[in-house]
Every structure is written in C-alpha cells, then in structure tokens.
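[1] sharing a model prediction with you, sequence too.
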There are 2 protein chains.
Amino acid sequence: MDVYEALYTTRAMRRVRPDPVPRDVQARILDAAIRAPSGGNSQSWRFMLIDDPAVKGQLGPLYRECMAELWAGPYRERIDRAKAAPHDPASVALLRVVASADYLAAHFEDVPLFLIAFSRGDPTGGSIFPAIWSAQLAARAEGVGSALTTVLGIFRAAQTLAILGVPPDRGWEMACCVSFGYPMGRWGVAVRKPAHEVAYRNAWGADVGLSIPEPLWTGE
Amino acid sequence: MDVYEALYTTRAMRRVRPDPVPRDVQARILDAAIRAPSGGNSQSWRFMLIDDPAVKGQLGPLYRECMAELWAGPYRERIDRAKAAPHDPASVALLRVVASADYLAAHFEDVPLFLIAFSRGDPTGGSIFPAIWSAQLAARAEGVGSALTTVLGIFRAAQTLAILGVPPDRGWEMACCVSFGYPMGRWGVAVRKPAHEVAYRNAWGADVGLSIPEPLWTGE
C-alpha cells in the first residue's frame, strides 16, 4: 500500500468483526511499531497484546465506566448542545463519534485484539505515540482497523495496571489502549478542517501561504 | 512509496542541507498531518511552519540552552557512563545520538523548515503526535528528513510561545518542534531492540508468542 493511502485512510475504526488477527499480522504490526524514533532513541516502551477473553472480561466493565465518566464530564455540554441542534453538521459529526465510541464500549469483549502501550520518562507522549501510530498504519496496510483510546489510563489507571500485572514501582505509565480488528465498514478519506485553517507561518495567526481546500490524495 | 518502507526508514535525520522545502511539498506534509485521528475528532491543533531567518535566529539560542540543560540534567549520568566505556555498543549508540543532536543544535538556523505543533485538551499527547508522525512519514515519502524534539516546550515554553506570538490565555500548549530538510546521509532501517523483547501477551512479563529476530521489512 502507498504511504499516502495509509495516511489518508487510517481513521478510527471502532466497529470490527470478532475474527482473530493472525499472528503473522500481529508480528508485522509490532515490528513496524518498534522502528519509530523515541527521545534519545531510548525505546522506553512496552507493548502488551491482549486476546485472552478472561482479561478482556475484566477490562470491559472498567472501560464502560471510563466512557460513562467521559460523557458525563468533559463531553457533557458539547453532547447536550449537539442533541439540541441535531441537524447542525458539527452536531451530526459529534453524535456519530459518540455512537461509534459507545458501540466499541458495548462490544469491548468481542474485539479480537488490543494493544496496550506503556512508556516511562516521556512527559509529552512524543516518544510513544509515533510507535503507536506506526502500529495503526501497519494494521491499515494489513486490512486491520484500529482505534486509539486513552480513557483507561486517565480514569482507571491503577485498576488497569493491577489487572495486567504491571509492577507499580518501576515508572511504567499506560499511554493508551488500541483496539484492532477487521472492520465492518469501509475505509475512506477522513473529512477534516483544511490544513490552511489550522496552520500559520512564522507567527500565530499569520497566513500559512498554502491553500488546500480539497484532500491532496483521494485515491483516484 | 510503500507504507512499510516509510515506517521502517523514517528515523531522526538531524543533518540536513539548507536547500528550501518547496511549498507544494509543505502542502502535502500538512495535508497528510491533518488526516490523523484525534480524541473525539476534536482536531484541537495548530501547526506553525517556520522558515523566516529572523524567527529561527531567535529560537536557535534558546534551543541551544535547552540542549545544554538536557545534557546536564536527565542525560548526564548516561553520557558519563558512555564516555567511560566508549567501545560498548550501547555507548556508541548513545554518543552517536548526542553528536547528531549537537549537530542540529549548532546548525539550527540553517535548517530550512521547522514545524511547531500546538494542542489543547490533550493530557497524554495521543491527539497530536499521530498527526506529527504522519507529517514526518509524508516528508519521508517526499525525500525530506525530519527530527522531532520536545526540549523547547519542556525547558523554554514561555519564551518560545512569546517569540511565536501564541496567545497565553487560550490553553494552547507546545507539543513539539520538528525540523525538516533534505538529508545529508542515507535512509536506512533503524536498529532497535526486537519486538518480542519489549512486548508481552495478556500479562506483564508473559511471552508475546512472536519471535522477530530480524526486521520483517528490509527493502530487498
């Protein structure tokens, strides 16, 4: 697969089939992940694959608690506003994300594979998320959908680390949990605010000098 | 370019030529970046391109102060140990990173293009670093090298934001500064600790069940 096809069509895929992700595909995903750069090339990371129903069965209820807290907290006002104006395009987009995230939460135990990533000595996340995103791009090349979530580490870190047997005293922090599986839906180019609306040149607010009204890659 | 070639050969390229990165290449880099997913699809990001010598001239001295603090602080013991055993493979690797980073610091003003990324409401970095890494992978596809650094935001955040005119009261945080330019050296597959040494399955410390002694992509 062309790198641009992967960059333009790897989007959150939360509705996936329960079919397992074969071990050779898992190997290609992990081997791509560890090629990413990290600060000082420290490679201060650990990657845990989870496919045991018993472990998923412990994480699923915790994950649903996290999502309930997320909707009741940071997202509550935005969701209420969206429900009050359901035909507004921004409302449609937000409520679609919420429905998709709720689907993943409800079907957590049916996701065939999770990757939970840990890092230490990485205050910004800049030394772990390139590796994670490489894993997701490699998965895309293999036809495997993925979705990155951080709620378990934000709302239930201690419980999650205890379930997974992570030693509490060695500085390992949970960066994220990524779900993997063969998607029910179709791949497509994500619609986003155009680059020139979110980019500046040399000073905050200054025109970036690039006009990009349509995606530069469309697959055609 | 094949996505696996990009994932395996996009490594920190800190020695670059001063030749400018054309605007159409900049557009492809930014347009790829904004396709990345972000939490709740919030797209709470801003990307600032910097190619003005006057701005680089203000950031360069700050950047060198940051690197001096980095070497004197978190890295000091590791560097001292490496210098005491300079033939140890780990020492060679570390001292190579240090020399490369020092080269970038000394030649900061000669780097043709920087991308400074800002985010808000993103405590883990999980909503900004996928976009950054997409920018670096797109640059790789265009033959442009890049290197991600976080020191300006860690050691000189307030001064950097003031130079760039970032409003101080709207929650924008600097995620990183990425240098871009045509590399002096060659692309190659990064040597890393093998995936099966840094990955587990279903529990901390448990065998991941995948043996990957050699890179699965070698370009051959």
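    Structure received.
[2] run through the bridge partners of residue A:146.
    residue A:12, residue A:180 (DSSP bridges).
[3] wait, isn't it in contact with residue A:182?
    No - assessed by Cβ atoms under 8 Å, residue A:146 is found out of contact with residue A:182, at 10.8 Å. Just so you know, the C-beta spots here come from the backbone N, C-alpha and C atoms, and that holds for glycine as well.
[4] out of these two, which sits in the busier spot?
    residue A:146 (29 against 16; other Cβ atoms under 10 Å in any protein chain shown).
[5] contacts only, for that one.
    A:10, A:12, A:13, A:135, A:136, A:139, A:140, A:178, A:179, A:180 (Cβ atoms under 8 Å, 6 or more residues apart in numbering or on different chains).
[6] for stretch A:164-181, list every residue counted as buried.
    By neighbour count with 16 or more other Cβ atoms under 10 Å in any protein chain shown, stretch A:164-181 contains the buried residues A:164, A:166, A:172, A:173, A:174, A:175, A:176, A:177, A:178, A:179, A:180, A:181.
[7] among these, which lie within helices?
    residue A:164 (DSSP state H).
[8] contacts only, for residue A:50.
    Listed by Cβ under 8 Å, 6+ apart, the contact set of residue A:50 reads A:56, A:59, A:113, A:114, A:115, A:116, A:164, B:201, B:202.
[9] dump the residues you listed to a markdown table, plus secondary structure.
    A markdown table is the format used below for these (DSSP: H, G, I helix; E, B strand; the rest coil):
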| residue | secondary structure |
| --- | --- |
| A:56 | helix |
| A:59 | helix |
| A:113 | strand |
| A:114 | strand |
| A:115 | strand |
| A:116 | strand |
| A:164 | helix |
| B:201 | strand |
| B:202 | coil |
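[10] could I get the CA-only coordinates of the helix or strand hosting residue A:61 as PDB?
    Residue A:61 belongs to helix A:53-72 when assigned by DSSP states H and E. The C-alpha trace of helix A:53-72 is given here as PDB (Å, rounded to 0.1, in the frame of the first residue of the first chain):
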ATOM      1  CA  PRO A  53     -11.200 -13.500  26.900                       C
ATOM      2  CA  ALA A  54     -10.600 -13.600  30.600                       C
ATOM      3  CA  VAL A  55      -8.500 -10.400  30.500                       C
ATOM      4  CA  LYS A  56     -10.900  -8.700  28.100                       C
ATOM      5  CA  GLY A  57     -13.700  -9.600  30.500                       C
ATOM      6  CA  GLN A  58     -12.000  -7.800  33.300                       C
ATOM      7  CA  LEU A  59     -11.200  -4.700  31.300                       C
ATOM      8  CA  GLY A  60     -14.600  -4.300  29.500                       C
ATOM      9  CA  PRO A  61     -16.600  -3.200  32.600                       C
ATOM     10  CA  LEU A  62     -13.800  -0.800  33.600                       C
ATOM     11  CA  TYR A  63     -13.700   0.600  30.100                       C
ATOM     12  CA  ARG A  64     -17.500   1.200  30.200                       C
ATOM     13  CA  GLU A  65     -17.100   3.000  33.500                       C
ATOM     14  CA  CYS A  66     -14.500   5.300  31.900                       C
ATOM     15  CA  MET A  67     -16.700   6.100  28.900                       C
ATOM     16  CA  ALA A  68     -19.600   7.000  31.200                       C
ATOM     17  CA  GLU A  69     -17.300   9.400  33.100                       C
ATOM     18  CA  LEU A  70     -16.000  10.800  29.800                       C
ATOM     19  CA  TRP A  71     -19.600  11.600  28.600                       C
ATOM     20  CA  ALA A  72     -20.700  12.900  32.000                       C
END
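[11] packing partners for it?
    Helix A:53-72 sits against helix A:89-106, helix A:151-155, helix A:157-164, with contacts defined as 3 or more Cβ pairs under 8 Å, 6 or more residues apart in numbering or on different chains; DSSP states H and E.
[12] touching chain B at all, stretch A:17-31?
    Yes - using Cβ under 8 Å from any Cβ of the partner chain, we find that stretch A:17-31 touches chain B at A:23, A:26, A:27, A:28, A:30, A:31.
[13] list buried residues within the residues you listed.
    With burial judged by 16+ other Cβ under 10 Å, the buried subset of the residues of stretch A:17-31 next to chain B is A:26, A:27, A:28, A:30, A:31.
[14] mind putting those into a markdown table with secondary structure?
    Formatted as a markdown table, those follow (three-state DSSP):
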| residue | secondary structure |
| --- | --- |
| A:26 | helix |
| A:27 | helix |
| A:28 | helix |
| A:30 | helix |
| A:31 | helix |
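[15] for those residues, which one is nearest residue B:126?
    Nearest to residue B:126 among those is residue A:30, at 18.7 Å by Cβ to Cβ.
[16] what sits against whichever residue of chain A sits closest to chain B?
    Going by Cβ to the nearest Cβ, chain B is nearest to residue A:125 of chain A, at 2.2 Å. By Cβ under 8 Å, 6+ apart, the contact set of residue A:125 is A:119, A:175, B:124, B:125, B:126, B:128, B:129.
[17] mind checking pLDDT for it?
    The per-residue pLDDT reported for residue A:125 equals 97.
[18] helix or strand for it, which one?
    Following DSSP H and E, one finds residue A:125 outside all helices and strands.
[19] quick check on it: phi, psi?
    Dihedral pair for residue A:125: phi 90, psi 0, per degrees, to the nearest 10.
[20] what pLDDT does residue A:25 get?
    98.
[21] surely it and residue A:135 touch.
    No - if you go by Cβ under 8 Å, residue A:25 and residue A:135 don't touch, sitting 11.3 Å apart.
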